[in-house]
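[1] Build the 3D model from these lines:
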Amino acid sequence: MAKPAVADSVKGLTISTFGGNPVVATAAKAVIDYIEEMNLPANCEEIGAYLRSRLLELQERHEMVGDVRGMGLLQAIELVEDRATKVPATAATARILEAARDQGCCSAKAGCSATCCVFRRP
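    Numbers count the residues shown, from 1 in each chain. Okay, the predicted model is just below:
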């Protein structure tokens with residue numbers, strides 16, 4: 001969606017998953033408007049603080065939780081065999097991810113460490 005002079009100025013094969021166009025810009029603007037109207041950043045901060053507090057409780061109760069990190073609703077727990085050495089608890093992480101899936105939670109292992117991000121599906 002461009003004037004011929006603009007479209008013809010692009011030479012060669014091009015593709016971009018981040019390329020903009022009027023349709024995408026309009027959709028992005030609508031999303032930003034919704035985020036602002038619904039005050040989603042404040043909701044994210046509030047619910048994220050609750051989530052983090054619960055993850056920190058898990059860390060206090062379970063030696064396997066080596067670290068809790070993140071912001072807002074993007075929180076993670078690092079699962080370790082030993083908190084001092086930080087050796088990843090890869091086998092336990094696999095079991096926990098499987099159990100979370102069985103309970104209706106969408107989870108993911110991130111990186112080479114045993115990090116598990118858990119989000120409850122609706």
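
[2] CA only for contacts and neighbour counts going forward, please
    Fine.

[3] Can you tell me how far the residue most central in space within the chain is from Cys44?
    With distances taken as CA atoms, centre = their mean, Leu74 lies nearest the centre of the chain, 4.8 Å away. Look at Leu74 and Cys44: by CA to CA, to the nearest Å, they are 9 Å apart.

[4] ok, now Gly104?
    Gly104 sits 21 Å away from Cys44, going by CA to CA.

[5] Can you pull the poorly scored residue ranges out of this protein?
    1, 12-20, 111-122 (pLDDT under 70).

[6] Strands of this protein, residue ranges please.
    Secondary structure of the chain (DSSP state E): strands at 65-71, 74-82, 87-88, 105-110, 115-120.

[7] which other helices and strands contact the longest one?
    If I follow you right, that is strand 74-82. With contacts taken as 3 or more CA pairs under 8 Å, 6 or more residues apart in numbering; DSSP states H and E, strand 74-82 sits against helix 40-61, strand 65-71, strand 87-88, helix 90-102, strand 115-120.

[8] change it to 7 Å
    On a contact count with 3 or more CA pairs under 7 Å, 6 or more residues apart in numbering; DSSP states H and E, strand 74-82 meets strand 65-71, strand 87-88, strand 115-120.

[9] Can you report how many residues lie near Leu73?
    A count of nearby residues for Leu73, using other CA atoms under 10 Å, gives 20.

[10] What of Thr85?
    By the measure other CA under 10 Å, the count of residues near Thr85 is 9.

[11] got the phi/psi numbers for it?
    phi -90, psi -20 (degrees, to the nearest 10).
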